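> Mind folding the following:
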Amino acid sequence: MSEELNERRSDIRDEVKFYMTKDIVSVSNKASATEAAQTMLDTGRGSLLVEKDGEYVGIVTEGDLSKRVIAEIKKPIEVQVESIMSHPVVSIESNKLMVAAFLTMEQIGIRHIAVRENDKIVGMLSIRNFSAYYVRKFSKRYK
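Okay, here's the model as predicted:
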């Protein structure tokens with residue numbers, strides 16, 4: 001087997017848990033779109049989990065705000081997150097490979113996916129996290 005092919009083989013460092021964002025940011029299902037947008041701005045996130053009665057019931061993203069509030073000329077302060085969120089929360093196990101996460105996201109057409117361990121959400125993976133992964137994975141080949 002060629003050296004380049006060996007370098008491309010998956011190893012434990014290719015698991016989702018090494019690239020996910022670990023601190024979870026959420027909003028109440030009753031929060032307004034304005035509150036969600038402000039939370040995204042304050043935390044530098046492109047998505048927030050939506051919480052209801054202590055459980056994550058959906059996800060709201062920058063895309064949701066853009067397509068379901070701004071494009072429809074709704075008043076963001078009057079729109080509740082639960083009316084624009086995507087649900088249920090799509091997730092992947094933390095020990096799955098990044099390529100599996102990428103393919104799942106591509107197949108479903110999403111840019112954010114929750115990461116779980118033992119049926120508990122422990123982080124988030126966004127399309128941005130793939131930059132760090134690909135830099136680590138392929139940069140050593142070009143040195």
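
> Retrieve the pLDDT associated with residue 139.
The confidence metric pLDDT takes the value 77 at residue 139.

> you'd agree it is in a helix?
Yes: according to DSSP: H, G, I helix; E, B strand; the rest coil, residue 139 belongs to a helix.

> got the end-to-end distance for stretch 85-93?
From its first residue to its last, stretch 85-93 covers 22 Å (CA to CA, to the nearest Å).

> er, stretch 73-80 actually
By CA to CA, one end of stretch 73-80 lies 14 Å from the other end.

> likewise stretch 83-93?
Rule used - CA to CA; the end-to-end distance of stretch 83-93 is 27 Å.

> Give me the contact list for it.
16, 29, 33, 49-50, 56-61, 64-65, 68-69, 100-101, 104, 108, 110, 113-117, 121, 125 (CB atoms under 8 Å, 6 or more residues apart in numbering). C-beta: built from backbone N, CA, C; applies to glycine.

> can you check stretch 108-116 too?
The list of residues contacting stretch 108-116 from outside it, by CB under 8 Å, 6+ apart, reads 16-17, 20, 46-47, 49, 56, 59, 61, 63, 86, 89-94, 101, 104-105, 121-127.

> Please narrow these to those residing in strands.
47, 49, 56, 59, 61, 91-93, 121-126 (DSSP state E).

> Farthest-apart pair in those, please.
Pairwise distances across those (CB to CB) peak at 21.5 Å, for the pair 61 and 93.

> In terms of packing, which of these two has more residues around it?
When residue 61 and residue 93 are compared for neighbours, residue 61 comes out ahead with 22 against 16, by other CB atoms under 10 Å.

> one step back: would you mind writing the PyMOL command to select the buried ones in the contacts of stretch 108-116?
Restricted to buried positions by 16 or more other CB atoms under 10 Å, the PyMOL selection for the contacts of stretch 108-116 reads:
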select buried, resi 16+17+20+47+49+56+59+61+86+89+91+92+93+94+101+104+105+121+122+123+124+125+126
